[in-house]
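K.L.:
Test case, fold it:
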Amino acid sequence: MWRQAQEIAIDLHDRPYYGKTSQAEGLWVRGEAKDGTTHFYRVATAYVIHRGLRVTLAMRFFVPTDSIVGVLELLLGRIKKLGIEIRRLFLDKGFAGIEVQTYLEHSGIPALIACSIRGRTGGTRALCRGGKSYRTTHTFRNTADKKEFTADLAICRVFSTAKRTGRMERRAGWLVFILINLDLEPRQARRLYRRRFGVETSYRCAGQVRAWTTSKNPALRFALIGLSFFLLDMWLHLRWLYTQVARRGRRKLDTQLFTLTRFSRFIVRAMEQRYGCILEIVAPAVPIP
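P.N.:
Modelled structure (predicted):
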């Protein structure tokens, strides 16, 4: 990964919080309603997208006092400390604010940001018109801080896959991307951003090796989330080393030889050997038939 510049994806991941503690104590943040709550533990993660693999490079627990630009700076600082050069940044909709756009433009980092479609008749929804994709500019305004930023946008006309699958009527839709220090056509922007979609798969995979807890301690919860991503990176590294098939040319992996399920079972067996395995219990009283 150090031989050439890499494409980095940065994402905000929310875990539902159903406790009753105050925000200062629980360190939860507000978000759009999901899974029956508006309170979440939020984690910002940075990934490298290399040869089809998503490897976690940095994590940051998002506390209520954090700013989105401050968290982005910390993640980029960690990537720089690792010595990895950034070719392009892929950011999700949580980073589409004016502050982030201004910061990235001044830093000179090429970035592609997904943008929410908002407004009833105005805003970015007013740009979703016509029958084909196009490039345009749009001025974002923050009435509270009286800030504004004019950015290049790629307005992409997209269609559902219903025509291919035959499950329902084919429908049209729109995707909007913010281009920072990039000159891309709408089709190119959409194709590049699709590489980032596997990040959500990484969260589901990390869930298979994450320890669950009912503790209200946010530090413990973040430690368990961080450990799950560490184990996921370790699994990717071991699979890269020990499942390669002997042949000439590029490396080929027999991924079925060492699946994530098998890796998690290896960990369980190792813990049972180290700490023992409970095979029986002693009844505190004589069982009543």
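
K.L.:
Residue 193 and residue 186: what is the separation?
P.N.:
11 Å (C-beta to C-beta, to the nearest Å). Bear in mind the C-beta positions are built from the backbone N, C-alpha and C, glycine included.

K.L.:
what touches both of the two?
P.N.:
Common neighbours of residue 193 and residue 186, counting by C-beta atoms under 8 Å, 6 or more residues apart in numbering, are residue 177.

K.L.:
Buried ones in the lengthiest helix in the chain, by neighbour count?
P.N.:
If you go by DSSP state H, the chain has its longest helix at helix 218-242. Under the neighbour-count criterion of 16 or more other C-beta atoms under 10 Å, helix 218-242 has 218, 221-222, 225-226, 228-229, 231-233, 235-236, 239 buried.

K.L.:
counting contacts, what elements does that helix pack onto?
P.N.:
When contacts are defined as 3 or more C-beta pairs under 8 Å, 6 or more residues apart in numbering; DSSP states H and E, helix 218-242 sits against strand 37-50, strand 53-62, helix 198-208, helix 260-275.

K.L.:
strands paired with the helix or strand just after that helix, and their directions?
P.N.:
With elements assigned by DSSP states H and E, the helix or strand that comes after helix 218-242 is strand 244-245. Strands that pair with strand 244-245, judged by DSSP bridges, come out as strand 252-253 (antiparallel).

K.L.:
Any chance you could list what contacts the partner strand?
P.N.:
Under C-beta under 8 Å, 6+ apart, the answer for strand 252-253 is 239-240, 243-245.

K.L.:
As a check, name the ranges of all helices in the stretch 51-200 of the chain.
P.N.:
68-81, 98-107, 162-165, 186-193, 198-208 (DSSP state H, counting those that start in this stretch).

K.L.:
Serialize the ones you listed to JSON lines and add fields for mean pLDDT, mean neighbour count and distance to residue 9.
P.N.:
Shown next, in JSON lines, are the helices of the stretch 51-200 of the chain (pLDDT from 0 to 100; neighbours: other C-beta atoms under 10 Å; distance: least, C-beta to C-beta, whole Å):
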{"stretch": "helix 68-81", "mean pLDDT": "94", "mean neighbour count": "16", "distance to residue 9": "11"}
{"stretch": "helix 98-107", "mean pLDDT": "93", "mean neighbour count": "17", "distance to residue 9": "14"}
{"stretch": "helix 162-165", "mean pLDDT": "60", "mean neighbour count": "10", "distance to residue 9": "26"}
{"stretch": "helix 186-193", "mean pLDDT": "91", "mean neighbour count": "18", "distance to residue 9": "9"}
{"stretch": "helix 198-208", "mean pLDDT": "76", "mean neighbour count": "16", "distance to residue 9": "5"}
